[in-house]
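*Asks:* Starting from these lines, generate the structure:
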Amino acid sequence: MLTKHKYLITYRYAEMIHDLTVVFCQKYLSYLGNLGNLREIPQRRTIDQMVQAARSGKQNIVEGVGQSRTSKKGEIKLLGVAEASIEELITDYEDFLRQRKLPIWPKTHPKIQAFRKRAAFLTNLGNLGHLGDLKVKPVLPDQPEAAANLMLTLCHMATYLLSKQIAKAETQFVESGGYTENLFKKRIQSKIQK
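*Replies:* Residues are numbered from 1 along each chain as shown. Below is the predicted model:
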């Protein structure tokens with residue numbers, strides 16, 4: 001049986017984003033390249049920031065879901081942090097494309113449609129192994145333009161799904177109250193019954 005967070009499609013997207021961001025940074029951000037007077041300089045800070053943003057997106061989903069039973073407010077807050085971390089990553093991938101004068105492909109681009117279809121396949125529960133890992137691993141395209149656009153697509157899909165997950169958690173909180181409120185109601189009920 002999988003741990004609770006591994007059932008979430010948002011987690012599976014975030015895990016893919018984290019794994020592929022590490023590969024992307026190793027492959028495309030090791031050096032700035034020749035930019036006028038600058039020689040090839042490692043982009044350590046950018047790499048660290050991007051990998052940390054991707055990790056934060058994934059880990060805050062895990063922590064938020066872990067808190068869901070005892071603190072709906074905590075869950076909502078941590079899912080919001082996950083969403084913000086992935087939005088930060090979106091900006092990094094947009095910067096990568098803009099600084100290299102590469103286009104951001106529209107949602108209607110055939111390759112974006114193919115990326116979305118592949119991501120939906122990879123995040124399907126049926127494609128997880130017995131330990132909750134993907135049986136088929138996502139692969140980063142060999143061209144920097146395609147790779148950055150794939151990552152943008154995954155990030156946009158993840159933030160869209162996280163916004164839906166947050167809205168659902170907020171509705172549950174409003175309709176059912178939080179853990180403390182429900183414990184208080186049970187305590188009052190217990191005193192009334194005595």
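*Asks:* CA only for contacts and neighbour counts going forward, please
*Replies:* Will do.
*Asks:* which residues of this protein score low on pLDDT?
*Replies:* Low-confidence segments of the chain, defined by pLDDT under 70, are located at 1-2, 31-42, 127-136, 177-185, 187.
*Asks:* can you give me the helices for it?
*Replies:* 9-28, 44-67, 72-99, 110-123, 144-176, 179-193 (DSSP state H).
*Asks:* can you put those helices in CSV and add distance to Pro138?
*Replies:* Conversion of the helices of the chain to CSV gives the following (distance: least, Cα to Cα, whole Å):
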stretch, distance to Pro138
helix 9-28, 7
helix 44-67, 15
helix 72-99, 18
helix 110-123, 7
helix 144-176, 11
helix 179-193, 38
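*Asks:* for those helices, which one sits closest to Lys137?
*Replies:* Distance to Lys137, taken as Cα to Cα, is lowest for helix 110-123 among the helices of the chain, at 7.6 Å.
*Asks:* Tell me which residues are up against the closest one.
*Replies:* Taking Cα atoms under 8 Å, 6 or more residues apart in numbering as the criterion, the residues outside helix 110-123 that touch it are 9, 12-13, 105-107, 127, 134, 136-138, 149-150, 153-154.
*Asks:* Name the nearest of these relative to Ala169.
*Replies:* Each of those was checked against Ala169 using Cα to Cα; the closest is Ile9, at 15.1 Å.
*Asks:* count of residues packed around the residue nearest to the closest one when sequence neighbours are not counted?
*Replies:* Beyond its immediate neighbours in the sequence, the residue positioned closest to Ile9 (Cα to Cα, 6 or more residues apart in numbering) is Thr123, lying 6.2 Å away. Residues lying near Thr123 (other Cα atoms under 10 Å) number 22.
*Asks:* same check, this time on Thr159
*Replies:* Counted with other Cα under 10 Å, residues neighbouring Thr159 total 24.
*Asks:* ditto for Arg69
*Replies:* By other Cα under 10 Å, 12 other residues sit near Arg69.
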